[in-house]
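**Q** Just need the structure, nothing else, for what follows:
(one chain, ligands or ions: 1)
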Amino acid sequence: MAQIDDLPPLREVIANHGLNAKKSLGQNFLLDLNLTSRIARSAGSLEDCTVLEIGPGPGGLTRALLASGAKKVVAIEKDSRCLPALAQIADHYPGRLEVIEGDALQIDPVSITGGDKVRIAANLPYNVGTQLLINWITTETWPPFWSSLTLMFQKEVGERIAAVPGSKAYGRLGVLAGWRCKGGILFDISPKAFTPPPKVTSAVVHLTPNNKPLPCDLKSLERVTAAAFGQRRKMLRASLKSLAPNTESLIEDAGLRPTARAEEIDIEGFVVLSNVFRDAATSA
Ligand code: SAM
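**A** Numbers count the residues shown, from 1 in each chain. A predicted model of the protein is given here:
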């Protein structure tokens, strides 16, 4: 692919700034411009919104987001070694890139994106990616502050996010994501596309908020899915036993079989089950 901007090639940026990848920060840099551009395009129209990027590193995806017209990118990076390379990008796109040094798990995303329409796009560090996703899909306010998530995960995590009932990958993450979001895996990326190559294939996931998710108490949903999938081979009457004294009749009240196992229950089933358990706890 031809250059997407007049900045130095990413390999040169990495060499010039001594950005040898740190495993502890989940650093696998994506240097292929076709792929960074494809991820940026997958995020949708960026001209009228702020893109929140987590972990820009040397700035490959950041550059693709800006080159494809993002009005503004706000990027959180934990590794201070990356800041000079990112400052060069900010100079190249005046007023359009703001870099915040810090831990994305500790920074309130709403306060740094200034109430603008937000799309989140990132090649996430594997060690905090799932927690960040859970934070974004469990915000109290719904619809949330973001209008789309375009995120790269290890493929196995992508499969858990997009999993349907009855599949091996179906679990808490699939229920949470499926309850509040629409979307799934867009495409896979081979380990060879990264420097250094990770051990496993990656996948780009695109999610948009389901604006009217079935009414459900989030805490109860988290409790019920944790218990049900925590012992996924057991029948619900056993796995949910610790949650209420009359488990079996509550499962029946939810219209489900007490002998069913977690992976047989669809999202609507979990929502009804969570509401029944919540009501039983509040009336006790
Ligand atoms: N976006 C770059 C790319 O696609 O080549 C780098 C992606 S690399 C998989 C993950 C990046 O996240 C690294 O730059 C790493 O330093 C950064 N990072 C790791 N943990 C972080 C955290 N808690 N908060 C913010 N950034 C983090």
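**Q** Which secondary structure state does the closest residue to residue 24 other than its chain neighbours sit in?
**A** In this structure, residue 24 finds its nearest non-sequential neighbour in residue 127, 8.0 Å apart by CB to CB, 6 or more residues apart in numbering. Every C-beta, even on glycine, is put in place using the N, C-alpha and C of the backbone. At residue 127, secondary structure determined by DSSP: H, G, I helix; E, B strand; the rest coil is coil.
**Q** What is the longest helix of the protein by residue count?
**A** Counting residues, the longest helix found in the chain (DSSP state H) is helix 267-283.
**Q** Show residues contacting that one.
**A** 165, 175, 178-179, 214-217, 219-221, 223-225, 228, 240, 243-244, 246, 250-251, 253-256, 265 (CB atoms under 8 Å, 6 or more residues apart in numbering).
**Q** repeat that with 6 Å
**A** Contact with helix 267-283 is made by 175, 178-179, 214, 216-217, 220-221, 224, 243-244, 250, 253-254, 256, as judged by CB atoms under 6 Å, 6 or more residues apart in numbering.
**Q** returning to that earlier point: how many other residues sit next to the residue nearest to residue 24?
**A** Counted with other CB atoms under 10 Å, the neighbours of residue 127 add up to 11.
**Q** Can you give me every residue that contacts the closest residue to residue 102 other than its chain neighbours?
**A** With CB to CB, 6+ apart as the criterion, residue 102 has its nearest non-adjacent residue at 5.9 Å, and that residue is residue 76. Counting by CB under 6 Å, 6+ apart, residue 76 touches 54, 100, 102, 104, 107.
**Q** how about a cut-off of 10 Å?
**A** For residue 76, the contacting residues are 52-56, 98-107, 109, 112, 122, 132, by CB atoms under 10 Å, 6 or more residues apart in numbering.
**Q** Helices - which of the residues you listed land there?
**A** Per DSSP H, these map to helices at 109, 112, 132.
**Q** follow-up on the earlier one: so for the residue nearest to residue 102, what pLDDT did the model give?
**A** As predicted, residue 76 sits at a pLDDT of 98.
**Q** Closest one to the ligand out of the ones in helices among the contacts of residue 76, please.
**A** residue 132 (8.1 Å; CB to the nearest ligand atom).
**Q** Does that closest one touch residue 54 like I think?
**A** Yes: under the criterion of CB atoms under 10 Å, residue 132 makes contact with residue 54 at 6.3 Å.
**Q** Spit out the residues that contact those two alike.
**A** Both residue 132 and residue 54 are in contact with 76, 104, 105, 109, 120, 122, 124, 125, 151, where contact means CB under 10 Å, 6+ apart.
**Q** Pull out the buried members of those.
**A** For the shared contacts of residue 132 and residue 54, a burial check counting by 16 or more other CB atoms under 10 Å picks out 76, 104, 109, 120, 122, 124, 125, 151.
**Q** check those against the ligand, which are close?
**A** On the criterion CB under 6 Å from any ligand atom, 76, 104, 125 are the entries of those that sit beside the ligand.
**Q** picking up where we left off before, just the buried subset of the contacts of residue 76, please.
**A** Buried members of the contacts of residue 76, scored by 16+ other CB under 10 Å, are 52, 53, 54, 55, 56, 98, 99, 104, 109, 112, 122, 132.
**Q** and which of those is nearest residue 68?
**A** residue 53 (12.8 Å; CB to CB).
**Q** Might you report the residue contacts of the closest one?
**A** 43, 59, 61-62, 65, 70, 73-77, 97, 99, 104, 119-124.
**Q** Could you rerun that using 7 Å?
**A** By CB atoms under 7 Å, 6 or more residues apart in numbering, residue 53 lies in contact with 61, 62, 65, 73, 75, 121, 122.
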